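Student: just need the structure, nothing else, for what follows:
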Amino acid sequence: MIVAVALDLGTTTIKAGLLSRDGTFGSLIAKPAPRIIADGGRYESDAGAYAATADAVLSECLAQTGVRPRHGGVQPSGAEMHPPLGLCSQRSSFLIWDRASGQPMTPLISWQDDRGAESCAALRDREGTIRQLTGLPLTPYYLAPKLRVLLREHPTWRERLLSGDWLVGTLDTFLIWRWTEGKQHVIDVSMAARTLLMDVHNQQWSPTLCELFDVPQQAMPQIKPSTALNIRLRNGLLLQASVGDQSAALVASISTGEPEALVNLGTGGFVACHLPQQRSAPDGYLQTLVWQERTQLAHLAVEGTLNSIAAALAPYPVGECHVEELASDGIFCLAEPSGLGAPYFRSDLGLMFSEPVEHLAPQRIALLLQEAIIFRVARILEDFKREFGIERVYLSGGLSGLPCLQQGIARCVPCVSYRLLQAEASLSGAAQLAAGLSGTGGRIAQKIDVCQSSSRLPAKYRRWKDWLDGLLQTRPSGPSVQGI
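Tutor: Numbers count the residues shown, from 1 in each chain. Sure thing, here's the model as predicted:
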């Protein structure tokens, strides 16, 4: 029996699938998202084309339930009722659109877009206030710095927003508005938390932050809980859950109240665990609002990040590396081309080696880069072990399938390590929230057994920490950069 349908609004792929009562997830439909055009640090795509593709993906998925989509506000009943919908979305991508016509007035501006760097430079002396209110660093990736630039470049746009003629919102906000024929201009709290405009402590738009970024607060969407939304859509679906994609993945992968952490290794990387009630994130780490129940209970997480690791590995034959070759020399490395992420936020320390490597074979460089990723993950997990008693770590993401990364993390971290085998964690988490089944009941994981007991890699890890500490004592040469 199908208990929920989920739609994932990804950066490169739009996907939908069906969750069964037994916890299995299937009937996956996927289509490429419209191509993002990168030009001088601006990353934009066609918002209208994105919406049309999302509609097509969802329609194809619903066809597999045996219930025909409804249109024009006609409400299904009885046997014609669809399962509830769970939505998860790329965080921080946004647009402005016209209320009367529904036509986008801007492209879909990607979270990758860095035009907000100007805002970050202008507000650097207020970064402490921003971090205290949001739990996040001041970086160009979020909505507020980019929107500030847009409104300064186009002064008349502010009046359009203030009058209500134009609307602004993240990608999920735009689609929900379309699907409700303009009746709902809303955003869930987990997505609002990634704008740099929401006070994470009371889950409301912050007048202080809106003033800092010169964004009209009254133009922002209404903040809603993440679940029990009960929003009827024009195709007959009932939207019950809406969250950010990373939040959905956390819901499906690790359990609240358990000593567990998630390590996701993909385009970038993050290490996250649920934050106990009445606790704050350690210095430097991100404090993320994962999702909020209808009762207003907010679930928080603490997060360390690794920036652009896939880009660092891409030129090298990582698939040809052998585990036994790890730590075979004394060269240390950092593998984050856009700068170290949380808890360091150092844009001046990115892709670098402790000595020249031009003479090394590409496979050797690939091993060094993987060591750097292993060591960064291990150091974050050491902090989480000390602060929160983490005992188990679950690896996910495309890069987690690399044997060197699997084995290296299992050897260096102070926890039992597993690899998550279930696919589509974000879709599964969104569906679970929509069906009221939040948790990890469908989690499939395999323990990573260490294939040899050599202490060579842990010994190099200890030396790497000393090397990194020395680098961190140098003064930054520029503004910090943080991955999304």
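Student: and the longest helix belonging to the chain, what does it pack against?
Tutor: When the chain is parsed with DSSP state H, its longest helix is helix 362-388. Contacts defined by 3 or more CB pairs under 8 Å, 6 or more residues apart in numbering; DSSP states H and E place helix 362-388 against strand 260-265, strand 269-274, strand 298-306, helix 309-313, strand 333-335, helix 403-412, helix 456-472. To be clear about C-beta, it is placed using only N, CA and C from the backbone, and glycine gets the same treatment.
Student: which residues touch the third one?
Tutor: It refers to strand 298-306. With CB atoms under 8 Å, 6 or more residues apart in numbering as the test, strand 298-306 has contacts from 189, 203, 250, 256, 265, 268-275, 281-282, 285-293, 335-336, 341-343, 373, 376-377, 380, 383-384, 387-388, 482-483.
Student: distance between the ends of stretch 326-344?
Tutor: Stretch 326-344 has an end-to-end distance of 25 Å (CA to CA, to the nearest Å).
Student: meant to ask about stretch 382-399, not that
Tutor: This stretch, stretch 382-399, spans 21 Å end to end (CA to CA).
Student: for the residue positioned nearest the centre of the chain, give its distance to residue 136.
Tutor: With distances taken as CA atoms, centre = their mean, the residue of the chain nearest its centroid is residue 246 (3.9 Å). Distance from residue 246 to residue 136, counting by CB to CB, to the nearest Å: 13 Å.
Student: now the helices and strands packed on helix 362-388 in TSV, with mean pLDDT and mean neighbour count?
Tutor: As requested, these are exported to TSV (pLDDT from 0 to 100; neighbours: other CB atoms under 10 Å):
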stretch	mean pLDDT	mean neighbour count
strand 260-265	94	26
strand 269-274	94	26
strand 298-306	93	24
helix 309-313	93	21
strand 333-335	97	25
helix 403-412	95	23
helix 456-472	96	15
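Student: closest one to residue 121 among these?
Tutor: Of all those, strand 298-306 sits nearest to residue 121, with 21.2 Å by CB to CB.
Student: so how many other residues sit close to the residue nearest to residue 347 when sequence neighbours are not counted?
Tutor: Of all residues not flanking residue 347 in the chain, residue 339 sits nearest, at 3.6 Å (CB to CB, 6 or more residues apart in numbering). The burial count assigned to residue 339 is 24, neighbours taken as other CB atoms under 10 Å.
Student: wait, residue 339 touches residue 351, no?
Tutor: No - using CB atoms under 8 Å, residue 339 is not in contact with residue 351; the gap is 9.3 Å.
Student: just the pLDDT for residue 391.
Tutor: pLDDT for residue 391: 96.
Student: how about it: what's its closest non-neighbour residue?
Tutor: Nearest non-adjacent residue to residue 391, counting by CB to CB, 6+ apart: residue 259, 4.2 Å away.
Student: gap between the one you found and residue 208?
Tutor: Distance from residue 259 to residue 208, counting by CB to CB: 36 Å.
Student: how near is residue 468 to residue 335?
Tutor: Noted for residue 468: a distance of 12 Å to residue 335, by CB to CB.
Student: not counting sequence-adjacent ones, nearest residue to residue 456?
Tutor: Nearest non-adjacent residue to residue 456, counting by CB to CB, 6+ apart: residue 327, 4.5 Å away.
Student: and residue 175, that one's in a helix?
Tutor: Yes - counting by DSSP: H, G, I helix; E, B strand; the rest coil, residue 175 falls inside a helix.
Student: contacts only, for it.
Tutor: Counted by CB under 8 Å, 6+ apart, residue 175 has contacts 9, 51, 54, 87.
Student: give the bridge partners for the last one, please.
Tutor: In other words, residue 87. Beta-bridge pairing for residue 87 (DSSP bridges): residue 7, residue 242.
Student: neighbouring contacts of stretch 444-454?
Tutor: For stretch 444-454, contacts defined as CB under 8 Å, 6+ apart pick out 323-324, 394-395, 406-407, 409-411, 416-422.
Student: and it, average pLDDT?
Tutor: Summarised as a single mean, pLDDT over stretch 444-454 is 83.
Student: ok so, going back, any idea of the pLDDT on the residue nearest to residue 456?
Tutor: 94.
Student: so where is this protein shaky, pLDDT-wise?
Tutor: Residues of the chain that meet the criterion pLDDT under 70 lie in 66-81, 438-442, 452-453, 476-484.
Student: show me the domain layout of it.
Tutor: 2-245, 254-420+453-472 (automatic domain parsing).
Student: ok, which of those domains comes nearest residue 433?
Tutor: Nearest to residue 433 among the domains of the chain is domain 2-245 (3.7 Å), distances taken as CB to CB.
Student: what sits closest to residue 320 if chain neighbours are left out?
Tutor: Closest residue in space to residue 320, ignoring its immediate chain neighbours: residue 363 at 5.5 Å, by CB to CB, 6+ apart.
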